[in-house]
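A.B. asks: Let's see this in three dimensions:
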Amino acid sequence: MLHAGWPEVDAAPGQRAVARCRPTGAAVVLGSAQAATDVDAGRAAAAGLTVARRRSGGGLVLVEPGDPLWLDVWVPASDPLWEPDVLASFDWLGRTWARALETVGLEVDVHRGRMEDPGGWGRRLCFGAVGAGEVVTAAAAGRAQKVVGLSQRRTRAGSWFHGACPLVADPSRLTGVLAGSGETRRQAERWLRATAPGLATLLGTAEDASSLADRLAASFVSALP
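C.D. replies: Just a heads-up that it's a prediction; the model follows:
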């Protein structure tokens, strides 16, 4: 249901809206065009994960109560922020996330241009590659690591933007349900541990994840154009 429309937007599609989505259960979420066969349904059930599908593109994402911080933004087609170029349309959103992350102590950059998928995992795993507008650790810090994943779906009335920032990432929860061999799952886990370790890990903080998420969400709203 969190991937469905909002009553507020249905009632006033010409106005911007922002919402914090709070899952009540654990799920592994397929992208809109992703093959269901990317997930081993038996392994997902054994792990207590529902298999769901979102209406926006990209690869698998793990959502659980409290993690990731999941923020959605609606931008009507009449809004100055609306951009006809799909890749360029993510730029302002990435910069908003970047400003929010800097307030909690993480130096970041915004990726511009097409997807970069050096590990070859982007088709199957959202955090396996980096796409337009997504936020990564600053280049000065060494190898860029993905901090925020973004996706989008469009209607005639405007654009829905979905943003997810993992807090305490355990990639084995996600990679453990991938279809294929055990070695495939181990390789995927190693890749995600290296390239998307989660915000709390990147900050090296002992702060409670819920408190960190609350601070970041408030900073995101304050940073919105």
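A.B. asks: which stretches of the chain aren't confidently modelled?
C.D. replies: Applying pLDDT under 70 to the chain flags residues 1-7, 140-142.
A.B. asks: what sits against L69?
C.D. replies: 20, 164-165, 167, 199, 213, 216-217 (Cβ atoms under 8 Å, 6 or more residues apart in numbering). Using the backbone N, CA and C atoms, a C-beta is placed for each residue, glycine as well.
A.B. asks: Apply 10 Å and report the result again.
C.D. replies: When contacts are counted by Cβ atoms under 10 Å, 6 or more residues apart in numbering, L69 touches 20-22, 100, 148, 163-167, 199, 209-210, 212-217, 220.
A.B. asks: One more: L93?
C.D. replies: 71, 73, 75, 81, 110, 132-135, 148, 150, 152, 159, 161-163, 220, 224-225.
A.B. asks: Check W82 too.
C.D. replies: W82 neighbours (Cβ under 10 Å, 6+ apart): 16, 75-76, 89, 154, 158-159.
A.B. asks: and if you look at Q187?
C.D. replies: Residues near Q187 by Cβ under 10 Å, 6+ apart: 119-121, 175, 178, 180-181.
A.B. asks: ok, now S181?
C.D. replies: Q187.
A.B. asks: Of all pairs in the contacts of W82, which one is the farthest apart?
C.D. replies: R16 and R154 (15.1 Å; Cβ to Cβ).
A.B. asks: now the helices for this structure?
C.D. replies: Applying DSSP state H to the chain gives helices spanning 7-11, 41-46, 91-103, 171-175, 182-195, 199-203, 209-223.
A.B. asks: Any chance of those helices in CSV with distance to R54 as columns?
C.D. replies: CSV is the format used below for the helices of the chain (distance: least, Cβ to Cβ, whole Å):
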stretch, distance to R54
helix 7-11, 16
helix 41-46, 16
helix 91-103, 17
helix 171-175, 15
helix 182-195, 19
helix 199-203, 21
helix 209-223, 20
